[in-house]
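Q: Here is the input, now give the coordinates:
(4 chains)
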2 protein chains.
Amino acid sequence: MAERKIGERNNEPEFLAAYDATEFDRPSVAVDVAIVTVMDGHLEVALVERAEHPAKGSWALPGGFVQMDESLDRAANRLLAEKAGLTDVYLEQLYTFGEPTRDPRTRVLSVAYYALVDHAQLDTGAESSLSFGRIDVPWEGETGGPVDARSQQGQEMPLAFDHADILGMAVKRIRGKLDYTPIGFQLLAATFTLRSLQDAHETILGRTLNKDSFRRRMLATGLLEATGERESEVGHRPAELYRFTKRSAI
Amino acid sequence: MAERKIGERNNEPEFLAAYDATEFDRPSVAVDVAIVTVMDGHLEVALVERAEHPAKGSWALPGGFVQMDESLDRAANRLLAEKAGLTDVYLEQLYTFGEPTRDPRTRVLSVAYYALVDHAQLDTGAESSLSFGRIDVPWEGETGGPVDARSQQGQEMPLAFDHADILGMAVKRIRGKLDYTPIGFQLLAATFTLRSLQDAHETILGRTLNKDSFRRRMLATGLLEATGERESEVGHRPAELYRFTKRSAI
DNA sequence: TTAATAGTGTCTCTGAGACACTATGTG
DNA sequence: CACATAGTGTCTCAGAGACACTATTAA
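A: Purely as a prediction, here's the structure:
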């Protein structure tokens, strides 16, 4: 196909049609996933230590390149399975990061996702190459901005590339969703008490919630149903166990 | 364990570092922008008619390819300027669409944006290659799903590729934002009456709002300030004109 | 029995809707 | 003047926070 002059191109609706896919450079496209969980009253995120340059020794969200025949969602699911052995977890696209200099090697876009998982599914011990970083949110509410991670011992875990921005966006999004959905149950086992759900919400939001109105709000959504079972061996009156009515409907 | 085998290769943090950017095929990356405005009580979106295959004769959101040295935001701003002559308007990244088959020619990811503009900035007449489609939302609230467009005369304007999905996502996002921001002022001139702001909100939401509480809510945000001026020649008591206090802070 | 948390009943406060009323332009 | 819409004051209702009280288990 004949080449076109740049001037003509801009006004032309057929820009795309005339475009020869091999004519121009294309960026690489990666998917990075913030696998978020709640552990011991802290928000945590799965990280891998970078063993090579660039950003050697710093920590990165698990990620990989999109293959030519898979959708973005599928790539994110594949990475979850490959890197963390997770299937069938809550996963949602977050934002696409595309600063030309975000990766020093070459132009790499990152389509970021976040996943919410029950930590019991995760701490499979030493066999995994994943570590967990405690999320350190320096702002309140849904303000946004970069967010760093620390180890359980309080040491900084410096994040590679723009992954602190991705993490910040994830926290912001999750907090925002919490205002109108009981999304926290994605972080819990199949049955759970209202108190543990409230703990998860409080951990995510970074503030305490009113017990009474939390209970009322959650039950009013109609998304929870009592199992009739109760927890046991807790040293006090056992709470009713609930489950979610429609896990997919979020 | 079967997972273990898959794990071997993926346990390698150096996956990214070892990656040769030229080794694999990369997708093309486009930016498409839903330029949304309110006109005569309808939501409208800017469209260009496709003059060439594929999807010849159908309508598409203005878009183009990301250049290797520009960020995604910059690409979206460039396209706004090139295709619609717009600068300095409200623009936000929406979602990235990446079904492998969404473009029949080659693998093209679309990073979708939406822009909110005052229609007075737009109808520059015949000189533009942009047309406007009336947005036809088949669902209520913030449910989501594809959304089609019609001409002012009511004719269908079939959308190319997955652009109906992009448009649906844009409407969903805009409606969602409206719940906690007076975002509608991005669609109005610099000064405006509370009634016209309410009209914009009602058009976006597709339902009527309570006058009293709308007024209270808007003034309570602290984002509006009275100019001391009033509209004139309206055949009834003129309303106070307001302006926004911090246009950038949304 | 005591400790500790689950769960309920009720009061208050705040914000939204409803509605009545006053204000102020144009014709 | 009448008309039409702007803008205010106030009542009611629903949901959230506060708090007191009862329930139920383990130790």
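
Q: The nearest residue to residue A:97 once chain neighbours are set aside and chain B, how far apart?
A: Of all residues not flanking residue A:97 in the chain, residue A:110 sits nearest, at 4.6 Å (C-beta to C-beta, 6 or more residues apart in numbering or on different chains). Placement of C-beta: from N, CA and C, glycine included. The gap separating residue A:110 from chain B is 10 Å, by C-beta to the nearest C-beta, to the nearest Å.

Q: Residue A:99 - how many residues pack around it?
A: 18 (other C-beta atoms under 10 Å in any protein chain shown).

Q: One more: residue A:43?
A: Neighbours around residue A:43, by other C-beta under 10 Å: 25.

Q: Then residue A:179?
A: 11.

Q: Ok, residue A:143 next?
A: Residue A:143 - counted by other C-beta under 10 Å - has 12 other residues nearby.

Q: So residue A:222 is in contact with residue A:182, correct?
A: No. Here residue A:222 does not reach residue A:182: they are 10.3 Å apart, not a contact under C-beta atoms under 8 Å.

Q: thinking again about what came up before, what bridges to the residue nearest to residue A:97?
A: Beta-bridge partners for residue A:110, by DSSP bridges, are residue A:30, residue A:97.

Q: give the contact list for residue A:136.
A: For residue A:136, the contact set (C-beta atoms under 8 Å, 6 or more residues apart in numbering or on different chains) comprises A:147, A:148, A:149, A:150.

Q: Return the residues in contact with the residue nearest to residue A:97.
A: A:29, A:30, A:31, A:32, A:63, A:96, A:97, A:98, A:102, A:161, A:162, A:166 are the contacts of residue A:110 under C-beta under 8 Å, 6+ apart.

Q: do that again at 7 Å, thanks
A: A:30, A:32, A:63, A:96, A:97 (C-beta atoms under 7 Å, 6 or more residues apart in numbering or on different chains).

Q: Just the local confidence number for the last one, please.
A: Residue A:97 is assigned a pLDDT of 98 by the prediction.

Q: Now the residue nearest in space to the middle of chain A: which helix or strand?
A: Geometric centre of chain A, nearest residue: residue A:114, 1.9 Å, by C-alpha atoms, centre = their mean. Counting by DSSP states H and E, the element that carries residue A:114 is strand A:108-116.

Q: Parallel or antiparallel, list what pairs with whichever helix or strand comes after that strand.
A: Following strand A:108-116 in sequence order, the next helix or strand is strand A:131-136 (DSSP H and E). Strand A:131-136 pairs in its sheet with strand A:42-49 (antiparallel), strand A:148-150 (antiparallel), by DSSP bridges.

Q: Go through these and pick out the most buried.
A: strand A:42-49 (a mean of 23; mean count of other C-beta atoms under 10 Å in any protein chain shown).

Q: Need the residues that contact that strand.
A: Strand A:42-49 is contacted from outside by A:34-37, A:57, A:59-62, A:84, A:129-135, A:149, A:157, A:167, A:203-204, B:13, using C-beta under 7 Å, 6+ apart.

Q: With stretch A:202-216 instead?
A: Residues contacting stretch A:202-216 (C-beta under 7 Å, 6+ apart): A:38, A:41-43, A:137, A:140, A:174-175, A:178, A:184, A:194, A:198, A:201.

Q: Filter those down to the buried ones.
A: When the contacts of stretch A:202-216 are checked for burial by 16 or more other C-beta atoms under 10 Å in any protein chain shown, the buried set is A:38, A:43, A:137, A:174, A:175, A:178, A:184, A:194, A:198, A:201.

Q: Tell me where chain A has helices.
A: A:6-11, A:15-18, A:72-84, A:163-178, A:194-205, A:211-220 (DSSP state H).

Q: Which one, of the ones you listed, ends up nearest to DNA strand C?
A: helix A:194-205 (3.2 Å; C-beta to the nearest atom of the strand).

Q: Next, the angle from that closest one to helix A:163-178.
A: Interaxial angle of helix A:194-205 relative to helix A:163-178 (axes from the mean of the first three to the mean of the last three C-alpha atoms, to 10 degrees): 140 degrees.

Q: Stretch A:203-221 close to DNA strand C?
A: Yes. Stretch A:203-221 lies within reach of DNA strand C by C-beta under 7 Å from any atom of the strand, at A:212, A:215.

Q: returning to what we had before: so which of the contacts of residue A:110 is the closest to residue A:231?
A: Lowest distance from residue A:231 to these (C-beta to C-beta) belongs to residue A:32, with 36.8 Å.

Q: How much space separates the closest one from residue A:167?
A: 10 Å (C-beta to C-beta, to the nearest Å).

Q: Please identify which of those two sits among more neighbours.
A: residue A:167 (29 against 25).

Q: Excluding chain neighbours, give the residue nearest to residue A:144 in space.
A: residue A:172 (4.5 Å).

Q: was I right about residue A:134 contacting residue A:153?
A: No. At 9.5 Å, residue A:134 does not count as touching residue A:153 under the criterion of C-beta atoms under 7 Å.

Q: These two: which is more packed in?
A: Between residue A:134 and residue A:153, counted using other C-beta under 10 Å, residue A:134 has the larger neighbour count: 19 against 6.

Q: Beta-bridge partners for the more buried one, please?
A: residue A:44, residue A:150.

Q: list the contacts for it?
A: A:42, A:44, A:149, A:150, A:151, A:152.
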